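Enquirer: sequence and predicted structure below; questions after.
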Amino acid sequence: MTADAATRPVPGASHGTTAARRARRLGRLALPASLAVVVGLVTTACSTPVPQATPEPSVTQPALSLDQDTAILGKVGDVLAVADKKRDSKALSQRLAGPALAMRTAELSVAKKTKSDDDVTALPTKVQTVVVPTSTTWPRAAFAVSAQPSGSEPPRLLALRQSSARADYALWGWARLFPGITMPSFAAPGTGSAAVPSDDTTLVVTPKAAVANYVDVLNKGSKSKHAKSYANDPFRTRLASKAAALDGNKDFKDAKGAYAETFTVAKTAPASVRTADGGALVMADASAVEKTSAESKAKIAPSTDATKALFGDTKPTNTLVVTYRDVFALYVPPAGASDAKVKVLGVEHVPVKVGTHS
């Protein structure tokens, strides 16, 4: 049994001159890249009530010490280091799970094919903040804000999830925090932070609904009935700019081009934890399918190194489909907060599959 398991009481045409010109123009078109369980004492009715001792108030205890949390992060880092150096995903399942496993597997596949680590996300396991859980049920999650990677990249928000009492903690997801974002405050590690159920109603909206509503905003933009409930964020801005650039591209229009990106929430419940002000930090798994199409004789090829590597030797057609794995990090205010808008703290959006159909 490993140390952390032992401590469990934690997304050329050629059919006539005009079509050929359109296809050639299209060929020149660069598509832009893109967590307190309350145990009640229930007594049955009887003619003579039995006196009950009044239990002492329970005291919540963190499920991990700071040292244990640090040790777990170190083990995750060791696995990442080996896998990244070899550009081989075989060892990842020892300490990665969920969207983190899917995203890193895809990144290493790209790195191996391109012989470059440019598309491998830097994931420092030296951290500046840790959020230790008090949950006594599973799955449960711990969070950490990483040290800033080299260069100007923002820190990562890491979610470490333990699926059962005897399982090791694994890196379940990460998100790149938006530049300049202010993270909410949490209880000190020695106190620990309570898990927040996905249907918790002490917030302006439940964690589950917060994620679903954000996905609706991503899919419908300003037409979503939830749009005004979310503060603007760089990810939404980038998606809108990408769609607008294609919509305004004459060559794309002339080739009868169409573009759409559709997001879907994963069935897995989000990992949520209580913030110091009574709100919640919510981290969720999602996916997206980006579809670009044009007239029948056109040939649309991927435009980035990552999508080209995932596309491989597939022959281009008039349809290109890129599947992404996504992680969203949200701050959901407590009910009655003066600012009731849900804030998106960061996102990860990694291509995991590229082809000519879904």
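Expert: Alright, I've got the coordinates. Numbering: from 1, shown residues only.
Enquirer: low-confidence stretches in the stretch 1-150 of the chain?
Expert: Within the stretch 1-150 of the chain, the stretches falling below the threshold (pLDDT under 70) are 1-60.
Enquirer: quick one, strands of it?
Expert: Ranges of strands within the stretch 1-150 of the chain are 127-131, 140-146, based on DSSP state E, counting those that start in this stretch.
Enquirer: make TSV out of those strands and add mean neighbour count and distance to residue 215.
Expert: Heads up, the C-betas are built off the backbone N, CA and C, glycines and all. What follows is those, written out as TSV (neighbours: other CB atoms under 10 Å; distance: least, CB to CB, whole Å):
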stretch	mean neighbour count	distance to residue 215
strand 127-131	18	24
strand 140-146	25	20
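Enquirer: among these, which is nearest residue 293?
Expert: For these, the distance to residue 293 is smallest for strand 140-146, at 38.7 Å, taking CB to CB.
Enquirer: tell me which strands and helices the closest one is in contact with?
Expert: Counting contacts by 3 or more CB pairs under 8 Å, 6 or more residues apart in numbering; DSSP states H and E, strand 140-146 packs against helix 66-86, strand 127-131, strand 156-162, strand 271-274, strand 280-293.
Enquirer: go again using 6 Å as the cut-off
Expert: Using 3 or more CB pairs under 6 Å, 6 or more residues apart in numbering; DSSP states H and E, the elements in contact with strand 140-146 are strand 127-131, strand 156-162.
Enquirer: strand partners (parallel or antiparallel) of the first one?
Expert: What it means is strand 127-131. Listed by DSSP bridges, the sheet partners of strand 127-131 and their directions read strand 140-146 (antiparallel).
Enquirer: again, but for the longest one
Expert: Its sheet considered, strand 156-162 pairs with strand 140-146 (antiparallel), strand 170-177 (antiparallel) by DSSP bridges.
Enquirer: kindly reformat those strands as a markdown table containing distance to residue 272.
Expert: Converted to a markdown table, those look like this (distance: least, CB to CB, whole Å):
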| stretch | distance to residue 272 |
| --- | --- |
| strand 140-146 | 8 |
| strand 170-177 | 12 |
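Enquirer: which parts of the stretch 101-250 of the chain are helices?
Expert: For the stretch 101-250 of the chain, helices defined by DSSP state H, counting those that start in this stretch occupy the ranges 207-220, 234-247, 250-254.
Enquirer: looking at the ones you listed, which is buried most?
Expert: Most buried of the helices of the stretch 101-250 of the chain by mean neighbour count (mean count of other CB atoms under 10 Å) is helix 207-220; its value is a mean of 21.
Enquirer: so what's the gap between that one and the chain middle?
Expert: The chain centre lies 13 Å from the centre of helix 207-220; the measure is CA atoms, centre = their mean, to the nearest Å.
Enquirer: follow-up on the earlier one: now render the strands of the stretch 1-150 of the chain as JSON lines, adding distance to residue 82.
Expert: Rendered in JSON lines, the data for the strands of the stretch 1-150 of the chain read as follows (distance: least, CB to CB, whole Å):
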{"stretch": "strand 127-131", "distance to residue 82": "20"}
{"stretch": "strand 140-146", "distance to residue 82": "19"}
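Enquirer: in JSON lines, list the helices of the stretch 101-250 of the chain along with distance to residue 318.
Expert: As requested, the helices of the stretch 101-250 of the chain are arranged in JSON lines below (distance: least, CB to CB, whole Å):
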{"stretch": "helix 207-220", "distance to residue 318": "24"}
{"stretch": "helix 234-247", "distance to residue 318": "15"}
{"stretch": "helix 250-254", "distance to residue 318": "13"}
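Enquirer: and residue 337, which of the ones you listed is closest to it?
Expert: Residue 337 lies closest, by CB to CB, to one member of the helices of the stretch 101-250 of the chain: helix 207-220, at 13.2 Å.
Enquirer: figure out which of the strands paired with strand 156-162 is closest to residue 98.
Expert: With distances scored as CB to CB, the stretch of the strands paired with strand 156-162 nearest to residue 98 is strand 170-177 (4.5 Å).
Enquirer: against residue 245, how distant is the closest residue to residue 296 other than its chain neighbours?
Expert: Using CB to CB, 6 or more residues apart in numbering and skipping residues adjacent in sequence, the residue nearest residue 296 is residue 318, 5.6 Å away. Taking CB to CB, to the nearest Å as the measure, residue 318 and residue 245 are separated by 20 Å.
Enquirer: and for residue 332?
Expert: Using CB to CB, one gets 32 Å for the distance from residue 332 to residue 245.
Enquirer: which residues are in contact with residue 156?
Expert: In this structure, residue 156 makes contact with 123, 146, 174, judged by CB atoms under 6 Å, 6 or more residues apart in numbering.
Enquirer: mind redoing it with 7 Å?
Expert: If you count contacts by CB atoms under 7 Å, 6 or more residues apart in numbering, residue 156 has them with 123, 146, 174-177.
Enquirer: of those residues, closest to residue 255?
Expert: Proximity to residue 255 was ranked across those by CB to CB; first place goes to residue 176, at 33.5 Å.
Enquirer: residue 316 contacts residue 299, correct?
Expert: Yes - Residue 316 lies in contact with residue 299 (CB atoms under 7 Å); the separation is 4.1 Å.
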